[in-house]
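[1] Got a predicted model here, sequence first, then my questions.
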Amino acid sequence: MPKQFSDLGISAPLVQALTEMKIVVPTEIQQKTIPLLLANETDLVGLAKTGTGKTAAFGLPILQLIDTALPQIQAVILVPTRELGHQIFRNLEDFAKFLPQVSIAATCGGIPIKPQIERLVLPTHIVVATPGRLIDLIQRKAINLKETKFLVLDEADEMVTILKESLDEIVAELPKEHKTVLFSATMPGTIKQLVQNYLHKNVVEVRANMETLGNQGIDHEYIVVDPIEKLDVLMHFLNSKEGERGIIFCKTKAAVNKLAKNLAINRFSSGALHGSLSQGIRDRIMEQFREGHINILVATDLAARGIDVKEISYVVNYHLPDVYEAYVHRSGRTARAGAKGLSLTVLQPEEVVEIADFEKELGIKFTEFKKPSALSIEENNTLLWAKQIFKTKPNHDVAPELKDKIKTVFHHLTKDELIEKLLANYLLQNKNEPTEKPVKRQKMK
């Protein structure tokens, strides 16, 4: 029989919340990490990917070890982005449903600091923060970390540059006897240096299997296209998924903007998400996506950290990611909470050889997604053209006299005859015209 959370030492109130969330069997990283953190005897480095349940791995023991009689901050969790910070904050709130005395606050950048300062005046046990905002609060003397027992660095590989500049200042505010927990997807030299500089020499290293919890419900597929047909094939796929929610990942902000513009032209319900957008716009787009007001999100890798929406049925890798970890982060956005999902990677012919490397490194199996025929793509484009016309709002600035002249041209045609002529005109104009120029792309390093 698989281990249960109670077998790991997790208390009844936390187990009750997990059961309500339908989280019953601990993942590998949770089984290895939770007992060590509950013992509270050592610093810890966890190497694990997105989807392996890292938040529960550190969050559950920290919640259990909070002394609610002490109304001061006892744990600080540092994260690379505000989106991930708010996801972790929501997860901790859910885990602590039956621990009402535990108080958790999120203090991340990109939004006004004043409400966060006011929040920290109240008793607070756990703070989830981005490094820059935490430094700001420290410099303003708006946060007291003198009783902090735990410092968690989540997704440290995404924060290396920031941490190198700010950890000294943060650690100086902590008591000497605190424990540090660091999670990273990989262990490059910069992370090893952080471990040597800031963690105890007897630090325990825990590695979780590369196979992630999320991958269990994901179909990994790829489709091979020539550059000239890439956009048309994507539009065909999206039309087949009408009414479902998905995320399309691009490598650059420029590519996100270009693709989002094409989706808007074709009247897809979509929004763009990348680092150059203001925090207010990013929040609004994410809220629209969570609430189901838009169905498609076009995003860069970093901007999509912290997207935890359960009903995402597919992910499209419009550009092959440069590193394996990025693929894990992307595909992990679908098949959440036990659901099934599709991760579709769009490849150019010369990239197909790289699929074997992804399979070997990630322990997953790809199957080929059948490319639609030229006739099917042409029919799909025609359907999109019809939808464009249908969803186009009337132009009330056109002079009535001109409208009357146009009506005179068409007045003797029936509705069916008018549709036939519009369709014939469209097909004539678009015959043999490519919709997207070939794009040069760099080989994956």
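    Looks like it came in fine.
[2] what about the stretch 251-400 of the chain, any weak spots by pLDDT?
    Residue ranges of the stretch 251-400 of the chain with pLDDT under 70: 302-308, 310, 325, 336-339.
[3] So which residues of it form strands?
    Remark: strands assigned in the stretch 251-400 of the chain by DSSP state E, counting those that start in this stretch are 270-273, 296-299, 312-317, 341-347, 366-368.
[4] Most tightly packed of those strands?
    Greatest average neighbour count among these goes to strand 296-299 (a mean of 26), per mean count of other C-beta atoms under 10 Å. From N, CA and C alone the C-beta is placed, and that goes for glycine too.
[5] Extract the CA atoms of that one and return them as CSV.
    C-alpha atoms of strand 296-299 as CSV (Å, rounded to 0.1, in the frame of the first residue of the first chain):
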residue,chain,number,x,y,z
ILE,A,296,-6.3,31.0,-25.0
LEU,A,297,-3.2,32.5,-23.3
VAL,A,298,-0.1,33.2,-25.4
ALA,A,299,2.9,33.5,-23.1
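[6] Nearest spatial neighbour of Thr68, chain-adjacent residues omitted?
    Gln101 (4.0 Å; C-beta to C-beta, 6 or more residues apart in numbering).
[7] element containing that neighbour?
    Using DSSP states H and E, Gln101 sits in no helix or strand.
[8] do the same with the one 4 residues further on
    Element membership of Ala105, judged by DSSP H and E, is strand 104-107.
[9] what's that strand packed up against?
    With contacts defined as 3 or more C-beta pairs under 8 Å, 6 or more residues apart in numbering; DSSP states H and E, the packing partners of strand 104-107 are helix 82-95, helix 114-121, strand 126-129, helix 131-139.
[10] Not counting its own residues, what contacts the last one?
    Read that as helix 131-139. With contact meaning C-beta atoms under 8 Å, 6 or more residues apart in numbering, helix 131-139 is reached by 76, 78, 107-109, 113, 116-117, 120, 127, 129, 143, 145, 159, 162-163, 166-167, 169-170, 173.
[11] one more time with 10 Å, if that's ok
    76, 78-80, 82, 85, 106-111, 113, 116-117, 120, 127-130, 142-145, 153, 159, 161-163, 165-167, 169-170, 172-173 (C-beta atoms under 10 Å, 6 or more residues apart in numbering).
[12] Filter these down to the buried ones, PyMOL style.
    A single PyMOL command selects the buried members of the contacts of helix 131-139 (16 or more other C-beta atoms under 10 Å):
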select buried, resi 76+78+79+80+82+85+106+107+108+109+110+116+120+127+128+129+130+142+143+145+153+159+162+163+166+167+170+173
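[13] returning to what we had before: now do the contacts for the residue nearest to Thr68.
    Applying C-beta under 10 Å, 6+ apart to Gln101 gives the contacts 66, 68-69, 71, 123, 125.
[14] What are the contacting residues of the strand holding Ala105?
    Strand 104-107 is contacted by residues 59, 63, 66, 73, 75-77, 79, 82, 85-90, 92-93, 95-96, 113, 115-117, 119-120, 122-130, 133-134, 136-137, 142-143 when judged by C-beta under 10 Å, 6+ apart.
[15] Ile419 contacts Leu413, correct?
    Yes. Using C-beta atoms under 10 Å, Ile419 is in contact with Leu413, at 9.3 Å.
[16] Now do the buried residues in the longest helix belonging to the chain.
    As assigned by DSSP state H, the longest helix anywhere in the chain is helix 374-391. Within helix 374-391, the residues scored as buried using 16+ other C-beta under 10 Å are 377-378, 380-381, 384-385.
[17] same question, stretch 182-197
    Those would be 182-185, 191, 194-195, for stretch 182-197 by 16+ other C-beta under 10 Å.
[18] how is this structure carved up into domains?
    Each domain of the chain is listed here as a residue range: 6-207, 213-445, per automatic domain parsing.
[19] Out of those, which one sits most buried?
    Highest mean neighbour count of the domains of the chain: domain 6-207, a mean of 18 (counted as mean count of other C-beta under 10 Å).
[20] Quick one: end-to-end distance for stretch 225-233.
    8 Å (C-alpha to C-alpha, to the nearest Å).
[21] Repeat that for stretch 232-248.
    Termini of stretch 232-248 sit 15 Å apart (C-alpha to C-alpha).
[22] ok, the closest residue to Ile218 other than its chain neighbours to Lys258 distance?
    Using C-beta to C-beta, 6+ apart and skipping the chain neighbours, the partner closest in space to Ile218 is Ala335 (4.6 Å). From Ala335 across to Lys258, the span is 28 Å (C-beta to C-beta, to the nearest Å).
[23] same deal with Ile294?
    For Ile294 relative to Lys258 (C-beta to C-beta), the value is 18 Å.
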